[in-house]
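Undergrad: Got a predicted model here, sequence first, then my questions.
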Amino acid sequence: MTRWENLSYTIRKRCGARTKIPCTLSPIFKNLGNDQLKRAGENGADARLTKSDNRTSCRTEIMNSSIHGTEHPVVFTNGGMQIMGVLHRPPSEAPPPGVLFFHGCTGSRTEAHWLFVKIARYFATRGIMSLRFDFRNSGESEGRFEDMTISGEVSDALRAFGFLTEECGADPERIGLLGLSMGGAVAAITAGRLRGRVKSCVLLNPVARPLDDLNFLAQTREVNVSGFPIEYNAFLFGQAFIEELPVIRPLEEITSATCPVLVINGTADRTIHPRRSREYHDTLRRAGIRTELAVLEGADHTFASAAWEREVAKKAGEWFGETL
């Protein structure tokens, strides 16, 4: 008896002999999409087949409710490479404010425990459009992780800003940035370079000093850095990524921004030292930029509890609601 047959037998025994359980995995995945579309259709979903560039692609927009708006996959390019993303569009006739999400190193557009998905869906209830995407060389976007660099991710962030404002229908005068960990460093640099075009920013446990922060991580996790590529959790870090770290200075670049900045810090972060959040806060205050520091006692690097997730979403949503 296979493990799936054994699982079927166990459930049937507990739930009754008439309970029908598939004994193989493949039928579950085979029917999953149709079942989801059927349920979505019953709730007013809009599934459409569109043609573009002589190619046929399927875009499914699932209307969760009149409050949550729609979610659908998007693709844009930078440097001739495809970037995969998801656009959350709130129900609004007028161009809504928009927020770009920047994931952390080794992360993706969903982030750990779907943190970014949950925040973006919450933002939609507040009338805020969100664009989550995988940087090139990460997630499902084109490229090898070994070729990832922070400067490359900043380039992607700038391209995503143009995509959100020019092609997605967001109000170009009300764009915010949200970044976690290294994505926080990307957000800080991007805000500084775009200056007044970014209206608000939220940094979650952000990297502030990339070279020092990566050295700290390598030492605490006992990562072998004797040669390239450097492997960590099956991710291969290339030489270009390491060599540019000394010239990546998000703490300096964010002082060129003019937007208000909220920094959210978990006191039990073991990946990026909590003092980095305080450094951002102090640096911004000295530069005369409006800033607030929100401290979540006991929270870890990715805010991995339902209560912390809700608190982060609420604080960020309220901040953008006020400043965008």
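TA: Thanks, I have it. Everything quoted here is computed from the prediction, not taken from an experiment.
Undergrad: Tell me which stretches of the stretch 101-250 of the chain form helices.
TA: 115-125, 150-167, 182-194, 210-220, 239-243, 250-253 (DSSP state H, counting those that start in this stretch).
Undergrad: among these, which is nearest Phe76?
TA: helix 150-167 (4.5 Å; CB to CB). Every C-beta, even on glycine, is put in place using the N, C-alpha and C of the backbone.
Undergrad: Check the burial of Glu166 by counting its neighbours.
TA: 10 (other CB atoms under 10 Å).
Undergrad: and the helices of the stretch 101-250 of the chain, which is most packed in?
TA: helix 182-194 (a mean of 27; mean count of other CB atoms under 10 Å).
Undergrad: Now do that helix, average pLDDT.
TA: For helix 182-194, mean pLDDT is 98.
Undergrad: One more: stretch 298-307?
TA: 98.
Undergrad: Give the buried residues for that stretch.
TA: Neighbour counts over stretch 298-307 (16 or more other CB atoms under 10 Å) mark Ala299, Asp300, His301, Thr302, Phe303 as buried.
Undergrad: Show me where the stretch 1-150 of the chain dips below the pLDDT cut-off.
TA: Scanning the stretch 1-150 of the chain for pLDDT under 70 picks out 1-67.
Undergrad: rerun at 80
TA: Confidence mapping of the stretch 1-150 of the chain against pLDDT under 80 gives the ranges 1-68.
Undergrad: in it, which spans are strands?
TA: For the stretch 1-150 of the chain, applying DSSP state E, counting those that start in this stretch gives strands covering 46-52, 55-61, 70-78, 81-89, 98-102, 129-133.
Undergrad: before we move on, the earlier item: to Glu279, which of the helices of the stretch 101-250 of the chain lies closest?
TA: With CB to CB as the criterion, Glu279 lies closest to helix 250-253 of the helices of the stretch 101-250 of the chain, at 6.4 Å.
Undergrad: Number of residues surrounding the nearest residue to Gly183 once chain neighbours are set aside?
TA: The shortest distance from Gly183 to any non-neighbouring residue, by CB to CB, 6 or more residues apart in numbering, is to Phe102 (3.4 Å). By other CB under 10 Å, 32 other residues sit near Phe102.
Undergrad: Same check on the one 5 residues further on?
TA: Using other CB under 10 Å, the number of residues around Gly107 comes to 21.
Undergrad: Does it touch Gly179 like I think?
TA: No - using CB atoms under 8 Å, Gly107 is not in contact with Gly179; the gap is 10.4 Å.
Undergrad: quick one on the thing from earlier: just list the residues touching the residue nearest to Gly183, thanks.
TA: Contacts for Phe102 (CB atoms under 8 Å, 6 or more residues apart in numbering) come out as Phe135, Glu153, Ala157, Leu177, Leu178, Gly179, Leu180, Gly183, Gly184, Val186, Ala187, Thr190.
Undergrad: need the contact list for the fourth one.
TA: The contact partners of Leu177, by CB under 8 Å, 6+ apart, come to Val99, Leu100, Phe102, Ala157, Ala187, Thr190, Ala191, Val198, Ser200, Cys201, Val202.
Undergrad: on that earlier part again, any idea which of the contacts of Phe102 is closest to Pro90?
TA: Leu178 (15.7 Å).
Undergrad: out of everything not next to it in sequence, what's closest to that closest one?
TA: Per CB to CB, 6+ apart, closest to Leu178 is Val202, 4.5 Å.
Undergrad: For Phe116, which residues are in contact?
TA: With CB under 8 Å, 6+ apart, Phe116 has these contacts: Phe101, His103, Arg109, Thr110, Arg132, Leu180.
Undergrad: ok, so of those residues, who is nearest Cys168?
TA: Arg132 (12.1 Å).
Undergrad: rewinding a little: which of the contacts of Phe102 lies closest to Phe145?
TA: Checking the contacts of Phe102 against Phe145 by CB to CB gives Phe135 as the nearest, at 9.8 Å.
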